[in-house]
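K.L.:
Attaching a predicted model along with its sequence, questions to come.
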Amino acid sequence: VHAAKAAHRQVLLYVHESTTPASFYLGRMHPEVVAQVNTAFRLADCVSFTTSSTRYYHTDYGLPANHRHTPGWIDVGRIDKWREHNTRNDLRAKFDLNPDELLVTNVGTVCDRKGQHIFVRAVDLLWRRYPDLAARSRFVMLGGGKTPFDVVLTDLLHQLKRPNITVHSATVDYFPYYAAADLVVCSTYEESSPRVILETMAFLTPLLSSNVHGVPEQARPDLEASLVPPGDTVALCETMAKLLISPKIGYALAQRARARVVAEFEAGILLPRHAALACEVAAGQI
């Protein structure tokens with residue numbers, strides 16, 4: 001942003017993170033660098049936020065009159081074409097699921113802010129409170145890597161010794177983890193506009209998520225998804241049990257979620273808004 005303004009160019013700054021620069025760069029950047037980031041919000045001709053909650057974090061040091069809310073989007077048509085060529089039964093077979101076995105997935109890069117450790121603790125509690133339900137379910141986390149947190153998560157799984165909780169390495173072929181699942185769980189602590197929420201909604205799969213930042217702007221609580229406080233292991237466990245025991249509840253939420261993502265978050269609807277905003281900034285109209 002600083003370089004562009006020095007070159008006398010118009011600047012449209014997109015912000016996708018759900019917290020302030022000071023929090024985001026905490027301990028990793030010199031304070032003077034963080035100050036320069038803060039200044040960028042004032043220098044930019046327009047700042048676009050994907051959610052209102054993210055915009056709220058930046059009102060103190062930016063120029064709110066130049067703020068715009070332009071939500072993130074997904075290509076629902078691409079997902080639907082993929083679904084036409086991949087039946088749910090075939091996908092479940094690839095997971096080696098028995099006909100009466102339930103699949104719960106957690107999609108996202110394994111890291112502390114995604115809360116996979118909370119998910120694992122909730123599943124362990126499910127084993128203790130609902131052993132029959134837990135025994136006929138499979139719990140798969142997609143997004144494993146080679147970070148220190150991956151080691152922590154592996155150690156936790158080793159301590160708990162629950163054989164039906166596994167971690168799969170990150171892959172670009174992640175659609176099956178939505179389409180084959182009976183429930184998708186997002187255990188995150190911090191999100192602005194997570195694609196995992198919109199993609200789950202598009203796949204017509206029941207969704208259980210932490211109620212953080214921009215998530216309820218995408219999937220509203222008890223309308224399109226079940227939302228629980230972040231880090232609340234008990235609430236996560238009990239809501240998982242409720243949705244798995246009574247699948248009609250989750251399916252009703254999923255139907256409304258699908259309708260909403262098609263009506264409000266489809267690429268064909270939102271991309272023209274983003275293009276129009278870029279044109280306004282380029283023309284100096286903001």
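P.N.:
Looks like it came in fine. What you see is a predicted model, and the numbers here were worked out from it, not measured in a lab. Residues are numbered from 1 along each chain as shown.

K.L.:
going forward, measure contacts between C-alpha atoms and count neighbours the same way
P.N.:
Fine.

K.L.:
Where does the prediction get shaky in the stretch 1-150 of the chain?
P.N.:
Across the stretch 1-150 of the chain, the ranges flagged by pLDDT under 70 are 61-62.

K.L.:
Show the residue spans covered by the helices in it.
P.N.:
2-6, 21-24, 31-43, 52-56, 76-84, 88-94, 116-129, 131-135, 148-160 (DSSP state H, counting those that start in this stretch).

K.L.:
export those helices to JSON lines and tack on distance to residue 218?
P.N.:
Formatted as JSON lines, these follow (distance: least, Cα to Cα, whole Å):
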{"stretch": "helix 2-6", "distance to residue 218": "32"}
{"stretch": "helix 21-24", "distance to residue 218": "22"}
{"stretch": "helix 31-43", "distance to residue 218": "25"}
{"stretch": "helix 52-56", "distance to residue 218": "11"}
{"stretch": "helix 76-84", "distance to residue 218": "15"}
{"stretch": "helix 88-94", "distance to residue 218": "25"}
{"stretch": "helix 116-129", "distance to residue 218": "21"}
{"stretch": "helix 131-135", "distance to residue 218": "29"}
{"stretch": "helix 148-160", "distance to residue 218": "28"}
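
K.L.:
Adding mean neighbour count as columns, could you present these in a markdown table?
P.N.:
Converted to a markdown table, the helices of the stretch 1-150 of the chain look like this (neighbours: other Cα atoms under 10 Å):
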| stretch | mean neighbour count |
| --- | --- |
| helix 2-6 | 12 |
| helix 21-24 | 14 |
| helix 31-43 | 16 |
| helix 52-56 | 20 |
| helix 76-84 | 13 |
| helix 88-94 | 15 |
| helix 116-129 | 21 |
| helix 131-135 | 15 |
| helix 148-160 | 14 |
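
K.L.:
among those, which is nearest residue 261?
P.N.:
helix 76-84 (8.2 Å; Cα to Cα).

K.L.:
From the chain's centroid, how far away is the closest one?
P.N.:
19 Å (Cα atoms, centre = their mean, to the nearest Å).

K.L.:
Between the two ends of stretch 58-71, how far is it?
P.N.:
One end of stretch 58-71 sits 16 Å from the other (Cα to Cα, to the nearest Å).

K.L.:
Name the helix or strand for residue 188, please.
P.N.:
Residue 188 belongs to no helix or strand when assigned by DSSP states H and E.

K.L.:
Check the gap between it and residue 215 for me.
P.N.:
10 Å.

K.L.:
Now do the shared contacts for the two.
P.N.:
Common neighbours of residue 188 and residue 215, using Cα atoms under 8 Å, 6 or more residues apart in numbering, are residue 209.
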